[in-house]
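Participant: This is a predicted model, with the sequence first.
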Amino acid sequence: MPVLLRHTAQALVAVWLTLSALFLLSRSVTDPAAFIQSTLSANTRLDARIDQAALTQQLLRRYGLSAPLFYTSWQPAAGWRWHGTGNQYHQWLGQLLAGNLGISYRQGAPVRGLLGEALRYTLPLTLLATTGSVGLAIGMATSLGYRPRARRLVLLALHGIQSFPLFLVAVGLLLLLANPDTLAWFPAFGLGLEPESGNWGQRAGELLYHLALPVLSLVIVSLPGLVIQLDGAIQQEMTRAYVATARAKGASRRRTMRGHVLRNALLPTIALLTDLLPNLVAGSVVVEVLFALPGMGRLLAEAAATQDYPLLLGAVGLVAVVRLVAQWLTDVAYQLTDPRIRL
């Protein structure tokens with residue numbers, strides 16, 4: 001437990017440094033006043049009689065952009081100048097520790113609420129893809145353990161699939177399974193959810209139906225690496241003496257594989273879980289934009305396109321937290337798989 005706490009503390013420090021660097025870079029490369037003025041000028045719904053300069057100053061004070069950026073600043077005439085705690089970084093860090101991620105520039109709503117709304121759709125997508133990838137990888141690797149001819153063909157196909165980018169896989173599934181000219185088995189975009197349509201079971205079924213192709217895209221991209229790694233570990237474990245001993249005592253192939261070989265082979269594969277969850281969250285950006293899903297990936301892409309920095313920081317921080325959780329789950333999985341391991 002102390003080792004897990006130390007790892008968690010180190011990961012939290014890394015998350016803080018990453019978010020701090022992103023905050024300072026995003027605020028320093030763009031002039032806040034010029035950005036707000038250009039946004040107001042592009043908004044055709046504003047009355048031309050409104051004093052945009054006064055409105056710009058009001059918005060700067062509202063978003064906390066009128067204060068200095070950091071505790072110190074360099075001025076050519078006066079040199080280094082100390083601003084105390086009345087700076088943007090100090091205010092942002094205090095709000096972050098209090099759970100306040102700021103206000104979205106584009107939507108004028110709290111970032112935490114926007115991310116929470118988007119996670120309602122991203123979490124089912126990511127969890128289904130994670131569960132499907134891990135389950136299929138274990139099933140395929142164990143079934144191929146005693147089938148050398150099928151194993152070579154499947155591994156050759158997986159090596160080929162591993163070179164395909166996620167965008168290409170998703171587009172291929174769209175053209176093949178959501179195209180009236182080929183097979184229109186699945187919807188091409190959206191979730192099709194109506195607030196009052198049917199009971200809970202019908203809404204859950206409709207959600208799974210619309211998420212089928214996005215989940216399948218993520219599974220196809222992440223599955224080859226898991227199967228190849230696990231298959232290599234299984235083949236190495238099958239040369240151990242304990243496998244021959246178990247077979248000599250009358251244990252079946254299935255029992256030997258699931259009761260002895262698989263548990264030891266999972267140890268080097270568990271490390272892939274550290275990258276699996278963050279990679280799936282990052283892949284959801286591509287999938288949600290391509291399939292027009294109202295999730296965090298689409299929200300992040302829109303925030304990047306409109307320079308909505310508070311929303312960008314909140315989304316990047318959430319991805320960093322996902323990586324932290326993945327590392328913690330990996331440590332716990334090591335302990336559960338082999339209690340003899342001490343981190």
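Facilitator: Nice, thanks for sending it over. Predicted model only: the values in this text are computed from it and were never measured.
Participant: residue ranges of the helices in the chain, please?
Facilitator: 2-28, 32-42, 52-62, 88-97, 111-144, 148-162, 166-177, 200-237, 241-248, 253-256, 262-270, 273-290, 296-305, 309-337 (DSSP state H).
Participant: Need those in TSV (columns: mean neighbour count and distance to residue 76).
Facilitator: To be clear about C-beta, it is placed using only N, CA and C from the backbone, and glycine gets the same treatment. Shown next, in TSV, are the helices of the chain (neighbours: other Cβ atoms under 10 Å; distance: least, Cβ to Cβ, whole Å):
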stretch	mean neighbour count	distance to residue 76
helix 2-28	14	16
helix 32-42	14	20
helix 52-62	14	24
helix 88-97	16	21
helix 111-144	18	35
helix 148-162	13	53
helix 166-177	16	47
helix 200-237	19	51
helix 241-248	13	72
helix 253-256	14	75
helix 262-270	18	54
helix 273-290	21	41
helix 296-305	21	33
helix 309-337	19	27
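Participant: Worst mean pLDDT among those helices?
Facilitator: Lowest mean pLDDT within the helices of the chain: helix 32-42, at a mean of 58.
Participant: show me the contacts for the residue most central in space within the chain.
Facilitator: By Cα atoms, centre = their mean, the mean C-alpha position of the chain lies nearest to residue 281, the distance being 1.8 Å. Contact analysis of residue 281 by Cβ atoms under 8 Å, 6 or more residues apart in numbering lists 122, 126, 296, 297, 319, 322.
Participant: can you check residue 169 too?
Facilitator: Contacts of residue 169 by Cβ under 8 Å, 6+ apart are 217, 220, 221.
Participant: Closest one to residue 71 out of the residues you listed, please.
Facilitator: Closest approach to residue 71 among the contacts of residue 169 (Cβ to Cβ): residue 221, at 43.6 Å.
Participant: isn't the closest one right next to residue 284, touching?
Facilitator: No. Contact criterion Cβ atoms under 8 Å: residue 221 and residue 284 do not qualify, at 11.5 Å.
Participant: still on that earlier bit, need the contacts of residue 169 in TSV with distance to residue 130, can you?
Facilitator: Output for the contacts of residue 169, formatted as TSV (distance: Cβ to Cβ, whole Å):
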residue	distance to residue 130
217	14
220	14
221	12
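Participant: Of those, just say which sits nearest to residue 163.
Facilitator: residue 221 (10.5 Å).
Participant: Pull the residues that contact stretch 100-113.
Facilitator: By Cβ under 8 Å, 6+ apart, stretch 100-113 touches 39, 62-63, 92, 95, 99, 114-115, 302-303, 306-311, 313-314, 317.
Participant: run the last query once more with 6 Å
Facilitator: 306, 308, 310, 311, 314 (Cβ atoms under 6 Å, 6 or more residues apart in numbering).
Participant: Kindly report the same for stretch 259-266.
Facilitator: 142, 233, 234, 237, 246, 337.
Participant: Same question for stretch 304-320.
Facilitator: For stretch 304-320, contacts defined as Cβ under 6 Å, 6+ apart pick out 15, 18-19, 22-23, 26, 101-102, 104-106, 111, 115, 281, 300, 303.
Participant: repeat that for 8 Å
Facilitator: 14-15, 18-19, 22-23, 26-27, 30, 35, 63, 96, 101-107, 111-112, 114-115, 119, 278, 281-282, 296, 299-300, 302-303.
Participant: hang on, the earlier thing: would you mind giving the helices of the chain as a markdown table with distance to residue 187 added?
Facilitator: Formatted as a markdown table, the helices of the chain follow (distance: least, Cβ to Cβ, whole Å):
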| stretch | distance to residue 187 |
| --- | --- |
| helix 2-28 | 36 |
| helix 32-42 | 34 |
| helix 52-62 | 40 |
| helix 88-97 | 38 |
| helix 111-144 | 14 |
| helix 148-162 | 24 |
| helix 166-177 | 10 |
| helix 200-237 | 5 |
| helix 241-248 | 47 |
| helix 253-256 | 39 |
| helix 262-270 | 34 |
| helix 273-290 | 13 |
| helix 296-305 | 16 |
| helix 309-337 | 26 |
